[in-house]
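Novice: could you look at this predicted model? Sequence included:
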Amino acid sequence: MALAQLREEVFIGIKLIAHESDQTRNYGVQLIPEKSDRFTFGPEDCLEVLAEDET
């Protein structure tokens, strides 16, 4: 989240590839997680952010 703030982006969630095919885990997407939640990220996982188009 700190990296998103440095880039003036708005962090809105995460996507965990390990749960991408699990409907009960919202296909790996978690929007607006609690600040106290902890996650273990793999190389294919990502943060979901809102950002301005820089082109």
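Specialist: It's in. Numbers count the residues shown, from 1 in each chain.

Novice: quick one: pLDDT of the spatially closest residue to Val29 that is not a sequence neighbour?
Specialist: Once flanking residues are discounted, Val29 sits nearest to Lys15: 5.1 Å by CB to CB, 6 or more residues apart in numbering. From N, CA and C alone the C-beta is placed, and that goes for glycine too. Turning to Lys15, the model gives it a pLDDT of 97.

Novice: wait, Lys15 touches Asn26, no?
Specialist: No. Using CB atoms under 8 Å as the test, Lys15 is too far from Asn26 to be in contact (9.6 Å).

Novice: who's more crowded, the two?
Specialist: The residue with more neighbours, out of Lys15 and Asn26, is Lys15; 18 against 13, by other CB atoms under 10 Å.

Novice: can you pull up the bridge partners for the more buried one?
Specialist: Lys15 forms beta bridges with Val29, Cys46, as assigned by DSSP bridges.

Novice: for the remainder of this discussion, apply numbering that starts at 57.
Specialist: Noted, 57 is the first residue going forward, which turns the last one into Lys71.

Novice: gap between it and Thr111?
Specialist: Remark: distance between Lys71 and Thr111 (CB to CB, to the nearest Å) = 24 Å.

Novice: list the contacts for the residue nearest to Val85?
Specialist: For Lys71, the contacting residues are 84-86, 101-102, 104, taking CB atoms under 8 Å, 6 or more residues apart in numbering as the criterion.

Novice: any idea how far it is from Phe95?
Specialist: 11 Å.

Novice: what sits against Arg94?
Specialist: Contacts for Arg94 were tallied using CB under 8 Å, 6+ apart; there are none.

Novice: looking at this, it is in a strand?
Specialist: No. With DSSP: H, G, I helix; E, B strand; the rest coil as the criterion, Arg94 is coil rather than part of a strand.

Novice: how far out from the middle of the chain is stretch 65-79?
Specialist: From the chain centre to the centre of stretch 65-79 is a distance of 5 Å (CA atoms, centre = their mean, to the nearest Å).

Novice: ditto for stretch 77-91
Specialist: A distance of 9 Å separates the C-alpha centroid of stretch 77-91 from that of its chain, computed with CA atoms, centre = their mean.

Novice: skipping its backbone neighbours, what lies nearest the residue most central in space within the chain in space?
Specialist: The residue lying closest to the centre of the chain (CA atoms, centre = their mean) is Ile70, at 1.9 Å. Sequence neighbours aside, Gln86 is the residue nearest to Ile70 in space, at 5.3 Å (criterion: CB to CB, 6+ apart).
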